[in-house]
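In: Using only what follows, build the 3D model:
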Amino acid sequence: MDTNLTLFSNTTQASFDALLIVQYVLFFAIFVINVIGNILVCLVIYNTTSMRNTRNYLIVNLAVADLTVALVCIPFDVALKAQTDPWPFGAFLCRIIWPAMTLVTQCSAATLAAISLDR
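Out: Here you go, the predicted structure:
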């Protein structure tokens, strides 16, 4: 009976490890695609004078907000998944990072609302 319990425990641990690997790969892919895509959007609109209008400025604002979401939220989420302690970054970042995450995600949502209102 102990053999069955050990086999089940090993299988469960292997499934959990595989799920963590998939999560880390997805975090990395989302981060890289987000950073590259949003920087390209900003560069294209900045370098093309005919694209400098109100609608495209809203798109640039959305790109900057989404880029900030990727730079602020994803690294801390990955660090928290890898860390076993509740919060390894200290009291100062605890008071700063959660409001910052909320602020940048709200900025992204508000920009989407402004884009839909403009259209």
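
In: all helices for the protein, in order.
Out: 2-47, 54-82, 90-118 (DSSP state H).

In: deepest of those helices, which one?
Out: Using mean count of other Cβ atoms under 10 Å, the stretch among these with the largest mean neighbour count is helix 54-82, at a mean of 16. From N, CA and C alone the C-beta is placed, and that goes for glycine too.

In: Can you add mean pLDDT and give the helices of the chain back as JSON lines?
Out: JSON lines is the format used below for the helices of the chain (pLDDT from 0 to 100):
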{"stretch": "helix 2-47", "mean pLDDT": "83"}
{"stretch": "helix 54-82", "mean pLDDT": "90"}
{"stretch": "helix 90-118", "mean pLDDT": "90"}
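
In: Report the contact partners of G37.
Out: A63 (Cβ atoms under 8 Å, 6 or more residues apart in numbering).

In: And it, how close does it get to A70?
Out: 10 Å (Cβ to Cβ, to the nearest Å).

In: and if you look at D77?
Out: 11 Å.

In: try I30
Out: From I30 over to A70 (counting by Cβ to Cβ), the distance is 7 Å.

In: again with P99
Out: 18 Å.
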